[in-house]
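>>> Give me coordinates for this.
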Amino acid sequence: RAARDLGRPASRCEAPIVVSDTPIPDTMEHCRRCGTCCLKGGPVLHQEDGELVRQGRIPLRDLVTICPGEPVHDNVRDRIRPTECDLIKIRPRKGDSRCRFYDAVVRACTIYDQRPLQCRVLKCWDPAALAAIYRRDHLSRRDLLGNLPGLWELVDTHMRKCDHRQNTRRAESIRHRKTGWREAEAQLLESLRYDQSLRDLIHAKGRPDPALLPFLLGAPLQQRLAPLELRLILKKGRYRLTRL
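As a prediction, the model looks like this:
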């Protein structure tokens, strides 16, 4: 449960800290390699980690983006809150929450010498160092793709057409039947169609690599409906959005 300005990362972007729930002995002053922090998920990447990605030490296919506006658990303030900027994380293993670079057999990190900043500063017995950096200098998709015009334009267009912050407001209008809710529903449905069509096209063409979709576009929009308390149904040959 860890915890977005295109271009220069906003200094106020906040990413929750992952700290072990395992009781920590008062005398503990070093890592015991229990693996608890790694089992809870991968770290959020910061500007300092950009070269690890650009050099291929952390491949793009091993990353996932939590998009601006998506809800995450803020462990520092102990509440659910929307992200304010791109939150790029190392993807968990399939069907598991643990960091994909954690080897559970030997209880060790397979990229230890090139591990990201959050991993380097985390001390579960004293989270002060992590607390000092978690709110600043997050790595964004634009930082990694901005010099690739065609690919960046694809991602940027998707971000604008599928803006989770706008869709959250539309969902609220639909749920509470506010004035203009039918227009909001049409806009949200169009956003859903665009997202799915783009993903289908990428899978069909194989370019860019479909394995990069979690990083490039984040989670499919349809998967983000549940936190918005909506579901997609087919009614009389038309798709509609209803409350859960």
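>>> what residues are up against V64?
Taking Cβ atoms under 8 Å, 6 or more residues apart in numbering, we find V64 in contact with 88-91, 214-215, 218-219. C-betas here are computed from N, CA, C, even on glycine.
>>> tell me the SS of it?
Following DSSP: H, G, I helix; E, B strand; the rest coil, we place V64 in the strand state.
>>> which residues does it bridge with?
Beta-bridge pairing for V64 (DSSP bridges): K89.
>>> Please, which helix or strand holds the closest residue to L230 other than its chain neighbours?
Once flanking residues are discounted, L230 sits nearest to L241: 5.0 Å by Cβ to Cβ, 6 or more residues apart in numbering. Taking DSSP states H and E as the definition, L241 sits inside strand 238-243.
>>> helices or strands next to that strand in the packing?
If contacts are counted by 3 or more Cβ pairs under 8 Å, 6 or more residues apart in numbering; DSSP states H and E, strand 238-243 sits against helix 164-175, helix 181-205, strand 230-235.
>>> Please work out which of those is packed deepest.
Ranked by mean neighbour count under mean count of other Cβ atoms under 10 Å, those are led by helix 164-175, which reaches a mean of 20.
>>> Identify the residues contacting A104.
35, 39, 98.
>>> Now for the second one: which residues touch it?
With contacts defined as Cβ under 8 Å, 6+ apart, the neighbours of L39 are 97-99, 102, 104.
>>> got a markdown table for those, with secondary structure and pLDDT too?
Below are the contacts of L39 laid out as a markdown table (DSSP: H, G, I helix; E, B strand; the rest coil; pLDDT from 0 to 100):
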| residue | secondary structure | pLDDT |
| --- | --- | --- |
| S97 | coil | 87 |
| R98 | coil | 92 |
| C99 | strand | 94 |
| Y102 | strand | 94 |
| A104 | coil | 88 |
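>>> coming back round to it: which one among the contacts of A104 gets closest to R54?
Within the contacts of A104, the smallest distance to R54 is 25.3 Å, found for R98 (Cβ to Cβ).
>>> Stretch 63-80 - what's its average pLDDT?
Averaged across stretch 63-80, the pLDDT comes to 84.
>>> Sorry, wrong one. I was asking about stretch 202-211.
Average pLDDT, stretch 202-211: 96.
>>> Can you show me the strands along this structure?
For the chain, applying DSSP state E gives strands covering 63-66, 71-74, 79-82, 87-90, 102-103, 108-109, 230-235, 238-243.
>>> Nearest to M159, out of those?
Of the strands of the chain, nearest to M159 by Cβ to Cβ is strand 63-66, at 9.8 Å.
>>> on that earlier part again, out of the contacts of L39, which is most surrounded?
Sorting the contacts of L39 by how many neighbours each has (other Cβ atoms under 10 Å) puts C99 first, at 26 neighbours.
>>> Spit out the contact partners of it.
C99 sits next to 38-39, 41-43, 90, 92-93, 109 when contact means Cβ under 8 Å, 6+ apart.
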